[in-house]
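Trainee: Kindly generate the corresponding structure for this input.
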Amino acid sequence: MNANTRIADFLKQFPAHGLHTIKLKDLLSLRDAANFQRDIVTTFPPVTIGSVTLVDQIVLLCLDELLAPERILEIGTFQGFTTRLFAKNSAANTIYSVDLPAVQESILASPDAAKVLSDGDYNDDFLRDVQNRSGEVYLAGLAAAERQRIKLVKQDSTTIDFGQAFGSVDFVFIDGGHHYDIVRSDTEKSLAILGKGVVVWHDFSSGIHSDVTRYLTERAAENRIFHVNGSLCAFQLIGF
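Mentor: This next block holds a predicted model:
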């Protein structure tokens with residue numbers, strides 16, 4: 001049974017709309033038995049704010065393995081952790097990663113630690129400062145062939161013509177600006193260039209970026225959205 005058939009059979013178990021929480025095991029069970037002993041390459045998850053957990057990584061890699069995308073679009077490079085994860089593990093020909101251009105001045109001169117952990121917009125500003133200081137540190141040390149597949153785009157995603165910039169894509173990971181209007185814009189523009197594939201959103205149910213949860217809860221009224229329990233990832237399979 002090929003991956004398309006396994007995915008189609010999986011989707012038949014759920015209504016065509018709604019927000020469905022599944023176990024990581026449910027996603028892992030869709031993998032081809034021939035790949036069960038496949039090795040993956042990653043680094044230890046950072047303890048700093050703004051990155052992904054090990055469970056999040058497995059969700060991304062499992063979906064990548066199932067869909068075998070040729071072109072990945074990541075919105076929100078930050079320090080390049082997930083960009084590196086894709087470069088090391090995905091067979092995709094191209095990995096686009098979008099983030100804002102670097103600026104010299106600090107957005108938050110003296111960050112309030114409590115507010116960083118409680119206010120979504122403030123948290124985004126804090127992470128922006130972190131990125132401006134560090135750059136894409138996780139892309140350092142990649143092999144030349146891995147680095148060549150990565151196309152960094154330094155531009156506000158809401159101002160980009162996705163069709164002109166990226167053509168068509170098979171896999172989208174949305175983890176950029178977390179304001180409702182930005183999440184909606186990134187989603188709608190991504191879907192316009194996604195034929196058959198998957199959209200993955202990060203920070204669903206995070207407790208900080210409530211707009212992500214609000215947007216996806218509303219979207220689930222007319223779409224089948226999955227949330228993997230124990231992760232901050234939600235996803236929608238398109239074209240199956």
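Trainee: which SS class is Asp26?
Mentor: helix (DSSP: H, G, I helix; E, B strand; the rest coil).
Trainee: I meant to write Ala234 there.
Mentor: Under three-state DSSP, Ala234 comes out as strand.
Trainee: any idea whether the closest residue to it other than its chain neighbours is helix, strand or coil?
Mentor: Spatial nearest neighbour of Ala234, excluding adjacent residues (CB to CB, 6 or more residues apart in numbering): Phe204 at 4.0 Å. Backbone N, C-alpha and C define where each C-beta goes, glycine included. Put simply, Phe204 is coil when judged by three-state DSSP.
Trainee: buried set for stretch 28-39?
Mentor: Within stretch 28-39, no residue counts as buried by 16 or more other CB atoms under 10 Å.
Trainee: do the same with stretch 40-60
Mentor: Applying 16+ other CB under 10 Å to stretch 40-60 flags Thr42, Gly50, Ser51, Val52, Val55, Asp56, Gln57, Ile58, Val59, Leu60 as buried.
Trainee: Dump it to PDB, restricted to CA.
Mentor: C-alpha atoms of stretch 40-60 as PDB (Å, rounded to 0.1, in the frame of the first residue of the first chain):
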ATOM      1  CA  ILE A  40      17.300  10.600  11.300                       C
ATOM      2  CA  VAL A  41      19.800  13.500  11.900                       C
ATOM      3  CA  THR A  42      19.000  16.200  14.400                       C
ATOM      4  CA  THR A  43      20.600  18.200  17.200                       C
ATOM      5  CA  PHE A  44      19.500  18.300  20.800                       C
ATOM      6  CA  PRO A  45      16.400  20.700  21.100                       C
ATOM      7  CA  PRO A  46      17.400  24.100  22.400                       C
ATOM      8  CA  VAL A  47      16.200  25.200  25.800                       C
ATOM      9  CA  THR A  48      15.800  28.700  24.600                       C
ATOM     10  CA  ILE A  49      12.400  30.200  23.800                       C
ATOM     11  CA  GLY A  50      11.200  30.000  20.200                       C
ATOM     12  CA  SER A  51      12.400  26.700  18.900                       C
ATOM     13  CA  VAL A  52      10.800  23.300  18.400                       C
ATOM     14  CA  THR A  53      10.600  20.200  20.700                       C
ATOM     15  CA  LEU A  54      11.700  16.700  19.800                       C
ATOM     16  CA  VAL A  55       8.000  15.700  19.300                       C
ATOM     17  CA  ASP A  56       7.500  18.700  17.000                       C
ATOM     18  CA  GLN A  57      10.600  17.500  15.000                       C
ATOM     19  CA  ILE A  58       9.200  14.000  14.700                       C
ATOM     20  CA  VAL A  59       5.800  15.300  13.400                       C
ATOM     21  CA  LEU A  60       7.600  17.300  10.700                       C
END
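Trainee: Need the residues that contact that stretch.
Mentor: 24, 27-28, 61, 78-79, 81-82, 84-86, 88-89, 116-117, 123, 126-127, 130, 138, 173, 200, 202, 228, 230-233, 235 (CB atoms under 8 Å, 6 or more residues apart in numbering).
Trainee: For PyMOL, what selects the buried ones among these?
Mentor: A single PyMOL command selects the buried members of those (16+ other CB under 10 Å):
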select buried, resi 24+27+61+78+79+81+82+84+85+86+89+116+123+126+127+138+173+200+202+228+231+232+233+235
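Trainee: and the contacts of stretch 40-60, which of them are in helices?
Mentor: 24, 27-28, 61, 81-82, 84-86, 88-89, 116, 123, 126-127, 130 (DSSP state H).
Trainee: pretty sure Lys154 is in contact with Tyr96, am I right?
Mentor: No - judged on CB atoms under 8 Å, Lys154 makes no contact with Tyr96 at a distance of 11.7 Å.
Trainee: out of these two, which sits in the busier spot?
Mentor: Counting neighbours by other CB atoms under 10 Å for Lys154 and for Tyr96 shows that Tyr96 has the greater number, 23 against 11.
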